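Enquirer: starting from these lines, generate the structure:
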Amino acid sequence: MDRAKEILLMVERGELTAEQARQQLATRETRLAFADVDVDRARRRGMPEVIYCPGKTAAQVAEIAAALAAAGQDVLATRASREQYEAVARSVTAAVYHEEARAITVDVASRPRPAGQVAVVCAGTSDIPVAEEAALTAERMGARVLRVRDVGVAGLHRVMKHLDALRASRAVVVVAGMEGALPSVVAGLLDKPVIAVPTSIGYGTSLNGIAALLTMLNSCVPGVMVVNIDNGFGAGAAAAMINRAAEED
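Expert: From the prediction side, this is the model:
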């Protein structure tokens with residue numbers, strides 16, 4: 001439920017005074033010693049602020065997660081270590097660690113019922129962490145997610161058997177390292193938007209994902225959008241927003 005509507009309903013039920021409601025509606029951030037937590041982002045963007053964990057201490061991640069939870073918002077923390085998860089779990093008991101996605105979640109608000117479909121396709125098993133970050137993000141934003149794994153261009157027959165399911169999706173995230181050719185192949189077979197995610201997987205001249213990134217940026221297939229290297233979160237969020245827009249239509 002929209003936070004502003006929830007507050008107004010609480011006033012209507014007599015659970016908040018008009019002044020308390022005004023204060024809550026005026027509060028758009030929670031200030032910590034080291035961060036300003038944007039608790040209005042869920043209203044503006046349809047998803048709460050997400051915690052990017054690298055570079056933060058375990059204690060900082062835990063404090064930000066606790067601030068979001070206290071504001072009645074779900075928590076998603078990406079690229080999280082086990083140590084960071086354990087710190088969050090000590091302060092927010094509902095915390096869950098998603099090993100494959102390397103992410104922490106906390107469910108506070110009621111989750112949206114899964115709707116539509118987003119497909120997340122990955123070229124190889126080594127790409128699964130990035131693909132799973134995309135899938136988890138899309139699910140957190142209300143999309144039903146189809147996962148298709150290990151269908152890289154070294155064996156094109158593997159992706160062909162999933163075509164009907166991919167065509168039933170509203171948006172398709174394609175994750176690939178090495179030479180990064182899979183998004184172009186998939187996009188050439190579909191009439192749906194494809195979001196390409198280069199990963200840092202590959203030998204020497206893959207240059208930690210730059211080769212795959214350049215391949216995807218130079219795709220000759222129209223409708224291919226490209227996010228940054230290893231940015232499963234960004235791809236999952238974009239796919240979920242496309243899915244949501246189709247649902248609203």
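Enquirer: drop to CA atoms for contacts and neighbour counts, all remaining ones
Expert: Noted.
Enquirer: give the contact list for the closest residue to residue 59 other than its chain neighbours.
Expert: Once flanking residues are discounted, residue 59 sits nearest to residue 87: 6.3 Å by Cα to Cα, 6 or more residues apart in numbering. Residues in contact with residue 87 (Cα atoms under 8 Å, 6 or more residues apart in numbering) are 58-59, 61-62.
Enquirer: 10 Å instead?
Expert: By Cα atoms under 10 Å, 6 or more residues apart in numbering, residue 87 lies in contact with 57-63, 65, 95.
Enquirer: mark which of the residues you listed are buried, thanks.
Expert: 58-63, 65, 95 (16 or more other Cα atoms under 10 Å).
Enquirer: out of the contacts of residue 87, which are inside helices?
Expert: Filtering the contacts of residue 87 for membership in helices, criterion DSSP state H, returns 58-63, 65.
Enquirer: looking at those residues, spot the one nearest residue 21.
Expert: residue 65 (23.5 Å; Cα to Cα).
Enquirer: sec struct for residue 195, please.
Expert: Here residue 195 is strand, with the state taken from DSSP: H, G, I helix; E, B strand; the rest coil.
Enquirer: report the longest helix in the chain, please.
Expert: helix 232-248.
Enquirer: tell me what it is packed against?
Expert: The contact analysis (3 or more Cα pairs under 10 Å, 6 or more residues apart in numbering; DSSP states H and E) places helix 232-248 against strand 115-122, helix 128-140, strand 143-148, strand 171-176, strand 194-198, strand 224-226.
Enquirer: now with 8 Å?
Expert: Secondary-structure packing of helix 232-248 (3 or more Cα pairs under 8 Å, 6 or more residues apart in numbering; DSSP states H and E): strand 115-122, helix 128-140, strand 143-148, strand 171-176, strand 194-198.
Enquirer: and it, how far from the chain's centre?
Expert: For helix 232-248, the distance from its own C-alpha centre to the chain's C-alpha centre is 9 Å (Cα atoms, centre = their mean, to the nearest Å).
Enquirer: mind listing what's buried in stretch 196-216?
Expert: So stretch 196-216, judged by 16+ other Cα under 10 Å, has buried residues 196-202, 206, 208-213, 215-216.
Enquirer: wait, which of the helices and strands packed on helix 232-248 is closest to residue 35?
Expert: helix 128-140 (22.7 Å).
Enquirer: how about residues contacting the closest one?
Expert: Against helix 128-140 from outside (Cα under 8 Å, 6+ apart): 78, 100-103, 111, 114, 118, 120-122, 144-145, 147, 149, 173-175, 199, 230-237, 239-240.
Enquirer: just the buried ones from those residues?
Expert: Applying 16+ other Cα under 10 Å to the contacts of helix 128-140 flags 78, 101-103, 118, 120-122, 144-145, 149, 173-175, 199, 230-237, 239-240 as buried.
Enquirer: for this structure, which spans come out with low pLDDT?
Expert: The model of the chain has pLDDT under 70 over residues 1-4, 22-32, 34, 249.
Enquirer: one more time with 90
Expert: Residues of the chain that meet the criterion pLDDT under 90 lie in 1-50, 67-74, 91-94, 108-115, 153-157, 223, 244-249.
Enquirer: between the helices and strands packed on helix 232-248, which one is closest to residue 11.
Expert: helix 128-140 (28.7 Å).
Enquirer: could you tell me the angle between the closest one and helix 232-248?
Expert: With axes from the mean of the first three to the mean of the last three Cα atoms, to 10 degrees as the basis, helix 128-140 and helix 232-248 are set at 30 degrees to each other.
Enquirer: next one: helix 128-140 to chain centre, how far?
Expert: For helix 128-140, the distance to the chain centre is 6 Å (Cα atoms, centre = their mean).
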